[in-house]
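>>> model the following, please.
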Amino acid sequence: MKKVYVFLADGFEETEAIFPIDLLIRAGATVEKVSVTGKKEVTGSHNITVIADSLFDDNNYNDADMLFLPGGPGHKTLLEHSELIELVKKANDEKKWLAAICAAPMIYGSLGLLDGKAATCFPGYEQFLKGAVTTGAPYEISGNFVTGRSAGTAKVFALAMVEALFGKDASKEVAKAIVS
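Residues are numbered from 1 along each chain as shown. Take a look at the predicted model:
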């Protein structure tokens, strides 16, 4: 069983978080929604409140196969969460999958983790992807990173996350099941 941790802060982009959560679960992943706010109720950028499964300090993350950072204005809170940043660095050192969409790839970029990797992000955030080969594509899988461009590309980004964890056949099966 693959385990994915999704980190939520107030202001997260709902589509960018929920679409991947849904498709990862359909593919067979265990998905843990983690609040970095100190409370389980996390409100997205369009005032949709999601109940997280746990708070950041409730987990040890040793069983993580992938860490996922959704975009939206909440990405700033994720970047400022020092324990999350240390977790991201450790996961990268261990070559675990790191996924982010929209503005959130800038977190990996600001840490210098995307150096030499193909990456995409919300238009205008390319300057924060230090050392990355920015493509503007809907999504990129490069090294141990999956990056996505925007809420409008959430479906193909989510399918890329499924591909990274489970392979192309699994991604095709999930796409077929949702009549993609």
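>>> model confidence for the nearest residue to Asp65 once chain neighbours are set aside, exactly?
Ranked by C-beta to C-beta, 6 or more residues apart in numbering and with sequence neighbours excluded, the top spatial neighbour of Asp65 is Lys2, at 4.5 Å. No exception for glycine: its C-beta is placed from N, CA and C like everyone else's. At Lys2, the model reports a pLDDT of 98.
>>> any idea how many residues pack against Lys2?
18 (other C-beta atoms under 10 Å).
>>> that one is in contact with Leu165, isn't it?
Yes: here Lys2 reaches Leu165: they are 4.8 Å apart, a contact under C-beta atoms under 8 Å.
>>> now the most centrally placed residue in the chain: which helix or strand?
With distances taken as C-alpha atoms, centre = their mean, Phe68 lies nearest the centre of the chain, 2.7 Å away. Assigned by DSSP states H and E, Phe68 belongs to strand 66-69.
>>> which strands or helices does that strand pack on?
strand 3-8, helix 82-93, strand 97-101, helix 154-166 (3 or more C-beta pairs under 8 Å, 6 or more residues apart in numbering; DSSP states H and E).
>>> paired strands for the shortest one, with orientation please.
Partner strands for strand 97-101, per DSSP bridges, with pairing direction: strand 66-69 (parallel), strand 145-148 (parallel).
>>> right, so these: which one is the most enclosed?
strand 145-148 (a mean of 28; mean count of other C-beta atoms under 10 Å).
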